[in-house]
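Asker: I'd like to go over a predicted model; first the sequence, then the structure.
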Amino acid sequence: MFDKFRDIEQKYSVEDIYYDNEQVWSYLRNTYFNSTIENISEDYTKETKEGLLTKLYRMIKQSLYGFRNWFGRYDYIFFSDSQERILVEGLYVDKSLEKIIETHGAQKCLMIETPVSQHKPIEKVSTKRIVSSTLLNLFLALLSRFILLFKSKQFTIDILEQLNQREEFLVDYQRIILQFNIRKYLYKIFFRLYHPKAIYINCYYGKQEIICAANELHIQTIEVQHGLIGKEHYAYNPYKKLEKKFFPNTLLTYGDYDKEIVSSNLLSPFSDVISVGSYGLELLKKTAIPPDLQNLVKQYQKTVSISTQYPVENELALFIKAVAERYSQYEFFFALRHFDKNYYKKFNMPSNVHLFYQEYTCYDILKSCDMHCTVYSTCAMESVSFNKKSILINIDEMASNLFADTKSKNIYIANNEKEFLEAMQRVFIAEENIYYTSDYEKNILKFIRRLEQSDR
């Protein structure tokens, strides 16, 4: 997957693709990369598709989430999603952004949250000035469609035409370019209404119209790392020079490991990379394992937690099924994120495979089990902090691409069942987690003071 995209970006002069004097490949590359990922959910999505009235009701309900908070003055606007929230002492806390909001002062900050499936109950959310992105996205979508009625799609870009034809992409780049420009223009109006000093985003790719709009208005843009970067992640390791206005001014990373990877790339569009640590990791160290889960896991002697990833969900499930059938002395606990238990019925898992969907978080299950397994999840890095080894199944060489240079003594790459069994039998070796900088609160306070001084 990463190899194919890298080859395409190196082969074609994508850096020379311009429309209306803007380098459009800086944001189009996200769509083209996603087109290299097999859509394994297509049939299941059709089976579980919402009816029109159900979908309309859900969107109206989401739009009203924290509605009154739209009416206020805020110095800082945050863009996140509900999947970032973990339960801490009865409240759902955003593990990437909550401490930053607290440090700036909650009354100065508005969070615009995208619901992944649904929002958490607002009375149980620690962020009090929060609204749903559904309302804003509905408004932007309606306006975009209206404006597109008067916009001509009659333009072609030769390189993209070649890319679509030769590499068999089905990307409607004209529509994406026009929509991007419309949404960027509308976000500029939005930011002029609110006058924020800075915006924070937990994941820049997919939100570049927001970043570009803010950058053109000289509003500070900051991304807070939310997951694995490594040497192969396409979004942080471009193979051609890209235009910086489509990227955050500042990237706050978990540690020096990712900071050095991004900073050492001569083509990197990130000019200011700062290592601060992970608030989420520090929170997770303090949270207790749900007693019922702990009691369940204690019944077994050898337990493995499984973190899934969408592009390789089927392959990972089939691999674990084969291992579980052969080694019945091990119990495997799946933390499902992208698909529910009904999707997994087709795999006919053996009795020593346990499936959990929303009952517990992947972190609850990781902390409960003896060891952890994934393909390339960030949980592989986090597991070391909980004294758990991680075994990475090297499906499509994604584990070796992203973790080939790991210096951890407790992260193993398994190319087959034999190597997987050997890794399961190894003991954990005490070490510091090389992926995370310590003293998060001190580091983030230092950054915020610098930011606020520059605003004066």
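Answerer: Sure, I can see it.

Asker: Now name the helix or strand holding the nearest residue to residue 176 once chain neighbours are set aside.
Answerer: Nearest non-adjacent residue to residue 176, counting by CB to CB, 6 or more residues apart in numbering: residue 31, 6.0 Å away. All C-beta spots, glycine's among them, are computed from the backbone N, C-alpha and C. For residue 31, the element it lies in under DSSP states H and E is helix 25-34.

Asker: who touches that helix?
Answerer: 5, 8-9, 14-15, 17, 160, 163, 169, 171, 173, 176-177, 180, 205-206, 208-209, 212, 234-235, 238, 240, 242-243, 246-247, 269 (CB atoms under 8 Å, 6 or more residues apart in numbering).

Asker: quick one: contacts of the longest helix seen in the chain?
Answerer: Taking DSSP state H as the criterion, the chain has its longest helix at helix 173-194. The contact list for helix 173-194 (CB under 8 Å, 6+ apart) reads 19-20, 24, 27-28, 31, 73-74, 77, 110, 136, 140, 143-144, 147-148, 151, 153, 155-157, 160, 164, 199, 208-210, 212-214, 216-217, 219.

Asker: of the residues you listed, buried ones?
Answerer: Taking 16 or more other CB atoms under 10 Å as the criterion, what is buried in those is 19, 24, 27-28, 74, 77, 110, 136, 140, 144, 147, 157, 160, 164, 199, 208-210, 212-214, 219.

Asker: before we move on, back to that, got a PyMOL select line for the buried ones in the contacts of helix 25-34?
Answerer: Listed next is the PyMOL selection for buried residues among the contacts of helix 25-34, using 16+ other CB under 10 Å:
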select buried, resi 5+8+9+14+15+17+160+163+171+173+176+177+180+205+208+209+212+234+238+240+242+243+246+247+269
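
Asker: In helices, which of the contacts of helix 25-34 appear?
Answerer: Using DSSP H, those in helices are 5, 8-9, 160, 163, 173, 176-177, 180, 208-209, 212.

Asker: hmm, back to that, show me which residues of the helix holding residue 31 are buried.
Answerer: Buried residues in helix 25-34 (16+ other CB under 10 Å): 25-30, 32-33.

Asker: any idea how far that helix is from the chain center?
Answerer: Offset of helix 25-34 from its chain centre (CA atoms, centre = their mean, to the nearest Å): 16 Å.

Asker: quick one: it to helix 173-194, angle?
Answerer: Compare the direction of helix 25-34 with that of helix 173-194 by axes from the mean of the first three to the mean of the last three CA atoms, to 10 degrees and you get 120 degrees.

Asker: Report the residue spans of the chain with pLDDT below the cut-off.
Answerer: 1, 38-50, 456 (pLDDT under 70).

Asker: now, among the ones in helices among the contacts of helix 25-34, which is nearest to residue 69?
Answerer: Closest to residue 69 out of those is residue 209 (22.4 Å), distances taken as CB to CB.

Asker: Next, the contact list for the closest one, please.
Answerer: Here residue 209 is in contact with 27, 180, 183-184, 187 (CB under 8 Å, 6+ apart).

Asker: Could you point out which of those residues is nearest to residue 327?
Answerer: Nearest to residue 327 among the contacts of residue 209, with distances taken as CB to CB, is residue 27, at 45.7 Å.

Asker: Could you give the separation of stretch 28-37 from the chain centroid?
Answerer: Relative to its chain's centre, stretch 28-37 lies at 15 Å (CA atoms, centre = their mean).

Asker: What segments of the stretch 251-400 of the chain are strands?
Answerer: 272-275, 303-307, 331-336, 353-357, 371-374, 390-393 (DSSP state E, counting those that start in this stretch).

Asker: In JSON lines: the ones you listed, plus distance to residue 413 and mean neighbour count.
Answerer: What follows is these, written out as JSON lines (distance: least, CB to CB, whole Å; neighbours: other CB atoms under 10 Å):
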{"stretch": "strand 272-275", "distance to residue 413": "25", "mean neighbour count": "17"}
{"stretch": "strand 303-307", "distance to residue 413": "15", "mean neighbour count": "26"}
{"stretch": "strand 331-336", "distance to residue 413": "19", "mean neighbour count": "23"}
{"stretch": "strand 353-357", "distance to residue 413": "22", "mean neighbour count": "19"}
{"stretch": "strand 371-374", "distance to residue 413": "11", "mean neighbour count": "26"}
{"stretch": "strand 390-393", "distance to residue 413": "5", "mean neighbour count": "26"}
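
Asker: what's the closest of the ones you listed to residue 120?
Answerer: strand 353-357 (15.8 Å).

Asker: and the angle for the closest one with strand 303-307?
Answerer: Using the same axes, to 10 degrees, strand 353-357 lies at 40 degrees relative to strand 303-307.

Asker: which residues touch strand 353-357?
Answerer: 296, 320-321, 324, 331-336, 339-341, 344, 349, 365.

Asker: Paired strands for that strand, with orientation please.
Answerer: strand 331-336 (parallel) (DSSP bridges).

Asker: what's the spacing between the strand it pairs with and its chain's center?
Answerer: The answer for strand 331-336 is 21 Å, by CA atoms, centre = their mean.

Asker: contacting residues around that strand?
Answerer: Applying CB under 8 Å, 6+ apart, the contact partners of strand 331-336 are 297, 300, 302-308, 320, 323-324, 344, 352-357, 360-362, 364-366, 368-369, 373.

Asker: at 7 Å instead, please
Answerer: Residues from elsewhere that reach strand 331-336 (CB atoms under 7 Å, 6 or more residues apart in numbering): 300, 302-308, 320, 324, 352-357, 360-362, 365, 369.
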